[in-house]
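In: Mind looking at a prediction? Sequence and model below.
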Amino acid sequence: KNIHASVSKQANLAVGIDALNIAKLREDIKERISEVIETLTRLIDFGFRCHEDNLNGGMSVPLLSVTLASEMAIFRSTDLATLVNVDDLTLLIKEAGGALLDPRLAPPKSSEPPQLDEATSTQMVRAINKLAVQAATGSNRANSIVALTRLQEQLSLYPDASEDPLFNSRLSRIVTKLMTRVVKAEENVASPYNTSEMDMEAVICCLEDTLSASYKAEEENKPEGAAVTRNFAKLVLTSILKARGDSTKLIEEMKDLEIDPSTSALGKLLVFCSAELGIPSSTHPAERLDQQPDIATLVSAVGSAPQGPARDEAVDALKRYKSTYGDSELNNHLQDVSAAFRAFILEQLSENPSRQSSTKNSSSMSERIKSLRSKLSATEAVIQSTVSSEATSLSQQPQPQQVSLHSHHQDDVSTGASTTSGSLVSSSTSNHAPKEVHNASSPRPSVKAFRERLAAAQEKRVGTTDGSEISSQPPQSSAGSRMAALRARLEAVKVQTNLVDEEN
């Protein structure tokens, strides 16, 4: 409690020590901060197993609470947190991660009685989680990156045989999440990865050592652990390149540390990350463009990428490698991985029928809509043209009375049969014929002969008119049927277009 009171500068929480001595205690803690962190971290381990199992599951909740609060106060104080060394920070993060995975803090199974009440376990999990995040992000940034990278290397490449592999795998994911928090915190500062504020030499050397160890582990038939480690290093390297915008400065820093940018493990990953981010090579472009991407990194990226756009990008990158360099290296690499992982990679590389079908259906549906709309427009144009032509034809057709009178006048002049069609022709002729005959002045002496000729002409015209009526009806009926058919077709096209739009 006095340690918590001193580092949090709350003298009223101290027990048996006045405010002046609390201030002096804080100075003593500052001088020995790494030793204090190591001791408090051991207290966390002790607090989880200091009682009998029947008492809070063997845990001392008061001891854990004050210990977690003391360490949280240290990492919230900038002057103290930046002094914690890498080894003690690594130990604390590993202990906190292990505590989060303690089954006593997990929700109890329905068939087992809870070892802790739900409220207490929830508060403990929240406090441990906050401490892990605060320790990772509140410490010296270079120390945090190095500590997390070393811990990931230890969990993935050199696991303790006595530890549960599943536990190590889950703890590895926690460490990866913490590193994500760290790089995001660094990217949000005014000048990220600035050598004047951050020990980039330590970060670069750590990344090179970890990547070299991953290649060595791969040779020792540990492909999955090697892939996890390289992806972890890639997370950090990608963040550095994004923040700086190019690889020039990083390459110069590697050269100063006598790390070859072309042949070293870090250099190979640098080439791959630069190409993936679209960052041009700045010192030896031809050499880096010819550098073949690392097949193990590409394969591991597919395995670790979450489902969605990230997975698609990783698969596309592996497909580009296969089309450019062939599949011999890929096949050799897949021989060293597990059968399940190999089947997964091959499945991802194979064509996706459902995706192709979806694309094809989408494309054909789009074409179908365009075709239907084109047909609709054409049908409307045809109907409009037909209606206009029919209206023009009707407007130009002479009135029945005029046709009848004109036909009868032709009979008077030529005494020939009229061929003009119309239902009123016959009646018009019979009505006007007597008047015209009566008014006609013929020089011929035989009136009877003239009347016979007139009657014969009328009979012939009646026969012709009847025939014309019969022959003229079908065209009128045909035009109406054609317009009705066009209208029906237009309605059908509209209905089909609406159905397709609703399906989309």
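Out: Thanks, I have it. Residues are numbered from 1 along each chain as shown.

In: Tell me where this structure is predicted with low confidence.
Out: When residues are selected by pLDDT under 70, those of the chain lie in 110-112, 280-293, 351-489, 492-504.

In: same thing but 80
Out: Applying pLDDT under 80 to the chain flags residues 53-57, 107-116, 160-163, 280-296, 300, 303-311, 320, 322-329, 331-342, 350-504.

In: On the three-state scheme, E163 is what?
Out: Here E163 is coil, with the state taken from DSSP: H, G, I helix; E, B strand; the rest coil.

In: mind checking how far A226 is from K319?
Out: According to C-beta to C-beta, to the nearest Å, A226 and K319 sit 22 Å apart. Quick note: C-beta positions are derived from backbone N, CA and C, even for glycine.

In: Between these two, point out the one with more neighbours.
Out: A226 (25 against 14; other C-beta atoms under 10 Å).

In: wait, what's in contact with the more buried one?
Out: A226 makes contact with S156, L157, S214, Y215, A217, E218, A296, S300, according to C-beta atoms under 8 Å, 6 or more residues apart in numbering.

In: Please identify the helix or strand for the third one.
Out: Assessed by DSSP states H and E, S214 sits inside helix 200-219.

In: for that helix, packing partners?
Out: Helices and strands touching helix 200-219, by 3 or more C-beta pairs under 8 Å, 6 or more residues apart in numbering; DSSP states H and E, are helix 141-157, helix 223-244, helix 248-256, helix 265-277.

In: For stretch 187-200, which residues meet the burial criterion?
Out: Using 16 or more other C-beta atoms under 10 Å as the test for burial, stretch 187-200 gives P192, Y193, M198, M200.

In: So which residues make contact with the helix or strand harbouring Y321?
Out: In this structure, Y321 is located in helix 309-325 according to DSSP H and E. For helix 309-325, the external contacting residues (C-beta under 8 Å, 6+ apart) are 276, 292-293, 295, 298-299, 301-302, 305, 330, 345, 348-349.

In: again, but for stretch 207-216
Out: Applying C-beta under 8 Å, 6+ apart, the external contacts of stretch 207-216 come out as 149-150, 152-153, 157, 225-227, 229-230, 232-233, 236-237, 254, 257, 259, 264-266, 268-269.

In: Just the buried residues from the residues you listed, in ChimeraX please.
Out: Filtering the contacts of stretch 207-216 down to the buried ones (16+ other C-beta under 10 Å) takes a single ChimeraX command:
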select :149,150,152,153,157,225,226,227,229,230,232,233,236,237,254,259,264,265,266,268,269
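
In: Now render the helices and strands packed on helix 200-219 as a markdown table, adding distance to E208.
Out: As requested, those are exported to a markdown table (distance: least, C-beta to C-beta, whole Å):
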| stretch | distance to E208 |
| --- | --- |
| helix 141-157 | 11 |
| helix 223-244 | 9 |
| helix 248-256 | 8 |
| helix 265-277 | 4 |
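
In: Can you tell me which of those is nearest to N188?
Out: With distances scored as C-beta to C-beta, the stretch of the helices and strands packed on helix 200-219 nearest to N188 is helix 223-244 (9.9 Å).

In: Could you export that closest one as CSV, keeping only the C-alpha atoms?
Out: The C-alpha coordinates for helix 223-244 follow below in CSV (Å, rounded to 0.1, in the frame of the first residue of the first chain):
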residue,chain,number,x,y,z
PRO,A,223,7.2,-23.6,-40.2
GLU,A,224,4.2,-22.5,-38.3
GLY,A,225,6.2,-20.8,-35.5
ALA,A,226,8.5,-19.2,-38.1
ALA,A,227,5.5,-17.8,-40.0
VAL,A,228,4.0,-16.3,-36.8
THR,A,229,7.3,-14.7,-35.9
ARG,A,230,7.8,-13.2,-39.4
ASN,A,231,4.3,-11.8,-39.4
PHE,A,232,5.0,-10.2,-36.1
ALA,A,233,8.2,-8.6,-37.4
LYS,A,234,6.3,-7.6,-40.5
LEU,A,235,3.7,-5.7,-38.4
VAL,A,236,6.5,-3.5,-36.9
LEU,A,237,8.4,-3.0,-40.2
THR,A,238,5.2,-2.1,-42.1
SER,A,239,4.4,0.5,-39.4
ILE,A,240,7.9,2.0,-39.7
LEU,A,241,7.6,2.3,-43.5
LYS,A,242,4.1,3.7,-43.4
ALA,A,243,5.1,6.4,-40.9
ARG,A,244,8.3,7.4,-42.8
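
In: Fine by me, thanks again.
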